[in-house]
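Participant: with the sequence up front, the predicted model follows.
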Amino acid sequence: MAVSAKVLRGRVLTFLRKPEGPDDTDSYLYLEDGGIAIGDDGKIVAVGDFSEISASHSDPVIDHRPNLIMPGFIDPHIHFVQMQVVGSYAGSLLEWLNTYTFVEEQRFADPDHASRIASAFFDELIRNGTTTAAAYCSVHPESADAFFAEAEKRNMAMVAGKCMMDRNCPEGLQDTPQTGYDDTKALIAKWNGKGRANYAITPRFAITSTHEQMEMVAALAKEYPDLHIQTHLSENDVEIAFTQELFPEHKDYTSVYAHYGLLRPKALYGHAIHLSDSEIGMMAETGSVAVSCPTSNLFLGSGLYDFEKAEQAGMTTAVATDIGGGTSYSMLRTLDEFYKVQQLNKNRLTPLMSFYLMTRGNAEAMQIDVDIGSIAAGSYADLVVLDVRATPAMAIKMERVETLSEELFLLQTLGDDRAIAETYVAGQPMKSVLV
Ligand code: GUN
Ligand code: ZN
């Protein structure tokens, strides 16, 4: 996609590292009148005060003042094939999966359906300021083709994979150990590294894979040590008990994945709510990532993720929407719910931590921070422009806001897709051009 050089002007906020408290001003760069020079390749050339940037760059200026420009949001756990599952009325996880989700995902055997939903899915990410996601496709390789083709069309950095699942689900959603392995390999060869695509090895969760399939997943993980792995872990009490029944030879849920060599950096474990201290220790030691999905965990009544405990133990936490168990595509809404979950745990999340997590924090957790998650020279100009006065209720509250942290907290508490004034992908405005 051709991108012309430009300079964005506005208030700029980007994190330099994880904030260590509510007033950790060294953890971020904030420019009251900032400039971001973007090159023809969609990457950031320079960031600084607008006066300096405009003196050294003569490109056209797009003025976003008084809005706040931040790195695009990153959603590290989302099911693109569950757009039409969102808001399905179920008591808990397994009922929700069996009644709605496993029925819906069978539709993705049809490539036309997969393409239509992929297009709607990327539109929705852009509306919400999300520029990168780690996504689950269905079991059908065609769904992964549709997903990556749409991502490539929009030049978006995406991590995704086809689910591997060969039991405890309808026949129409089953692969076999061999076809799961072969199809995954073929998709890696076709998509990984093409444009901005990263393939993730994706066993859905232990319940839907036989021991034979887990052996094949282990082989894939060994053959591709640098790829992401994504799966689900310790989300719900009945799910945990069923997993123990299916894998009685292992001490606990996490040990099942450990046995097959799936604990490692870039391994993204959705939910990870009910882990024992020893499981948290295994996750921390191996650099595996817990991906908390607060709107989903509240919606399905799964439980309350303890962020403070994870931090104390050195287990990395990322935060994600988990559409369609989750109930919002918005990372602002998601962090608002994450904040409330931590309140129930008697811990208070700082606004700085929230905005770190949805940008640089999630990028670092996924180890894709080399060129996204920050506004810095050399990074892709994947950006979100935030309007803190987007609604009348936000505007009236803003009259009482005095600090940057208060402004961020307002964006988190009342903000949603309406607060996303623009989304840039590799320097290209994407939201304002949606039809
Ligand atoms: N566990 C296995 N599959 C899923 C899924 O699609 N959503 C959630 N929330 N949990 C899962
Ligand atoms: Zn999930």
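Facilitator: Received, thanks. Numbers count the residues shown, from 1 in each chain. Ligands and ions are numbered 1, 2, ... in the order given.
Participant: ok, whatever residue of the stretch 251-400 of the chain ends up closest to ligand 1 - contacts?
Facilitator: For the stretch 251-400 of the chain and ligand 1, the shortest gap (Cβ to the nearest ligand atom) falls at residue 325, measuring 3.3 Å. To be clear about C-beta, it is placed using only N, CA and C from the backbone, and glycine gets the same treatment. Applying Cβ atoms under 8 Å, 6 or more residues apart in numbering, we find residue 325 in contact with 79, 82, 85, 93, 96, 293, 296, 299-300.
Participant: out of the residues you listed, who's the most crowded?
Facilitator: In terms of neighbours by other Cβ atoms under 10 Å, the contacts of residue 325 top out with residue 293 at 32 neighbours.
Participant: show the contacting residues for it.
Facilitator: Counting by Cβ under 8 Å, 6+ apart, residue 293 has contacts 77, 270-271, 319-322, 325-326, 334.
Participant: now do the same for it: its pLDDT.
Facilitator: pLDDT recorded at residue 293 is 99.
Participant: what score does the nearest residue to it once chain neighbours are set aside have for pLDDT?
Facilitator: Closest residue in space to residue 293, ignoring its immediate chain neighbours: residue 322 at 3.4 Å, by Cβ to Cβ, 6 or more residues apart in numbering. We have a pLDDT of 98 for residue 322.
Participant: also the one 3 residues further on?
Facilitator: For residue 325, the model assigns a pLDDT of 98.
Participant: helix, strand or coil for it?
Facilitator: Per DSSP: H, G, I helix; E, B strand; the rest coil, the local secondary structure of residue 325 is coil.
Participant: for it, phi and psi?
Facilitator: Backbone torsions of residue 325, given as degrees, to the nearest 10, read phi -70, psi -40.
Participant: my guess is residue 244 contacts residue 252, does it?
Facilitator: Yes: applying Cβ atoms under 8 Å as the test, residue 244 and residue 252 come out as touching, 7.5 Å apart.
Participant: who has more neighbours, the two?
Facilitator: Between residue 244 and residue 252, counted using other Cβ under 10 Å, residue 252 has the larger neighbour count: 18 against 15.
Participant: could you check the pLDDT of the more buried one?
Facilitator: On the pLDDT scale, residue 252 gets 98.
Participant: and the protein, which residues reach ligand 2?
Facilitator: Neighbours of ligand 2 within the chain, by Cβ under 5 Å from the ion: 270, 322.
Participant: pLDDT below threshold where in the chain?
Facilitator: Within the chain, the ranges that satisfy pLDDT under 70 run 1-4.
Participant: residues of it that sit close to ligand 1?
Facilitator: Within the chain, the positions near ligand 1 by Cβ under 6 Å from any ligand atom are 79, 93, 97, 101, 204-205, 232, 235, 296, 322, 325.
Participant: let's have the residues you listed in JSON lines, adding secondary structure and distance to residue 142.
Facilitator: Compiled in JSON lines, those are given as follows (DSSP: H, G, I helix; E, B strand; the rest coil; distance: Cβ to Cβ, whole Å):
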{"residue": "79", "secondary structure": "strand", "distance to residue 142": "16"}
{"residue": "93", "secondary structure": "helix", "distance to residue 142": "26"}
{"residue": "97", "secondary structure": "helix", "distance to residue 142": "21"}
{"residue": "101", "secondary structure": "helix", "distance to residue 142": "18"}
{"residue": "204", "secondary structure": "coil", "distance to residue 142": "17"}
{"residue": "205", "secondary structure": "coil", "distance to residue 142": "22"}
{"residue": "232", "secondary structure": "strand", "distance to residue 142": "23"}
{"residue": "235", "secondary structure": "coil", "distance to residue 142": "27"}
{"residue": "296", "secondary structure": "helix", "distance to residue 142": "26"}
{"residue": "322", "secondary structure": "coil", "distance to residue 142": "23"}
{"residue": "325", "secondary structure": "coil", "distance to residue 142": "23"}
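Participant: now for the residues you listed: which two are most distant?
Facilitator: Greatest spatial distance in the residues of the chain next to ligand 1: 204 and 296, 15.1 Å, computed using Cβ to Cβ.
Participant: coming back round to it: quick check, nearest of the residues of the chain next to ligand 1 to residue 32?
Facilitator: For the residues of the chain next to ligand 1, the residue nearest residue 32 by Cβ to Cβ is residue 322; the value is 35.9 Å.
Participant: burial measure for the closest one, as a count.
Facilitator: Using other Cβ under 10 Å, residue 322 is surrounded by 30 other residues.
Participant: bridging residues for residue 46?
Facilitator: Beta-bridge partners recorded for residue 46 (DSSP bridges): residue 37.
Participant: residues near it, how many?
Facilitator: 16.
Participant: wait, what's in contact with it?
Facilitator: By Cβ under 8 Å, 6+ apart, residue 46 lies in contact with 35-37, 53, 56-57, 377.
Participant: for residue 114, same thing?
Facilitator: Contacts of residue 114 by Cβ under 8 Å, 6+ apart are 81, 108, 138, 140, 142-143, 145-147.
Participant: please tell me how far residue 159 sits from residue 215.
Facilitator: With distances taken as Cβ to Cβ, to the nearest Å, residue 159 is found 24 Å from residue 215.
Participant: out of the two, which sits in the busier spot?
Facilitator: Each of residue 159 and residue 215 has its neighbours counted (other Cβ under 10 Å); residue 159 has more, 25 against 13.
Participant: residue 365 is in contact with the more buried one, correct?
Facilitator: No: the pair residue 159 / residue 365 is not scored as a contact, 11.6 Å apart, by Cβ under 8 Å.
Participant: gap between residue 138 and residue 163?
Facilitator: Taken as Cβ to Cβ, the span from residue 138 to residue 163 is 6 Å.
Participant: neighbour count winner among these two?
Facilitator: Taking other Cβ under 10 Å, residue 138 and residue 163 do not tie; residue 138 has more neighbours (30 against 27).
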